[in-house]
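Participant: predicted model, plus sequence, below.
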Amino acid sequence: MQPGIGEVPPFCPGCGERIGVYEPIWRIAPHIGAEETSWLNLAASGAGIESLWHATCAEQEGVPGG
């Protein structure tokens, strides 16, 4: 699934809240590990959304790279 402009952002697996368009997030992907980004940047780049976490949730949960 590719994010797109106008799509509803997904929910964070850490807290269960919807990810905001401008919030700092971690994109976790098997081939790259963790990448700091935002929903807005992902929508513009067409990158995949394998696993998206709020940055603070990833840090609190000890997600590798978060």
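Facilitator: It's in.

Participant: confirm for me that residue 52 is in contact with residue 23.
Facilitator: No - judged on Cβ atoms under 8 Å, residue 52 makes no contact with residue 23 at a distance of 9.9 Å. In this view, the C-beta of every residue, glycine as well, is placed from N, C-alpha and C.

Participant: show me which of those two is the more surrounded one.
Facilitator: residue 52 (24 against 17; other Cβ atoms under 10 Å).

Participant: could you check the pLDDT of the more buried one?
Facilitator: Looking at residue 52, its pLDDT is 89.

Participant: residues contacting it?
Facilitator: Residues near residue 52 by Cβ atoms under 8 Å, 6 or more residues apart in numbering: 9, 10, 12, 19, 25, 26, 27, 28, 39, 42.

Participant: which of those residues are buried? Put it as a PyMOL command.
Facilitator: Under the burial definition 16 or more other Cβ atoms under 10 Å, those of the contacts of residue 52 that qualify are selected in PyMOL by:
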select buried, resi 9+12+19+25+26+27+28+39+42
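
Participant: among the contacts of residue 52, which one has the lowest pLDDT?
Facilitator: Lowest pLDDT among the contacts of residue 52: residue 9, 78.

Participant: which of the three states applies to that residue?
Facilitator: coil (DSSP: H, G, I helix; E, B strand; the rest coil).

Participant: so what's it up against?
Facilitator: By Cβ under 8 Å, 6+ apart, the contact list for residue 9 reads 3, 18, 19, 20, 21, 39, 52.

Participant: can you rerun that using 6 Å?
Facilitator: Residue 9 is in contact with 18, 19, 39, counting by Cβ atoms under 6 Å, 6 or more residues apart in numbering.
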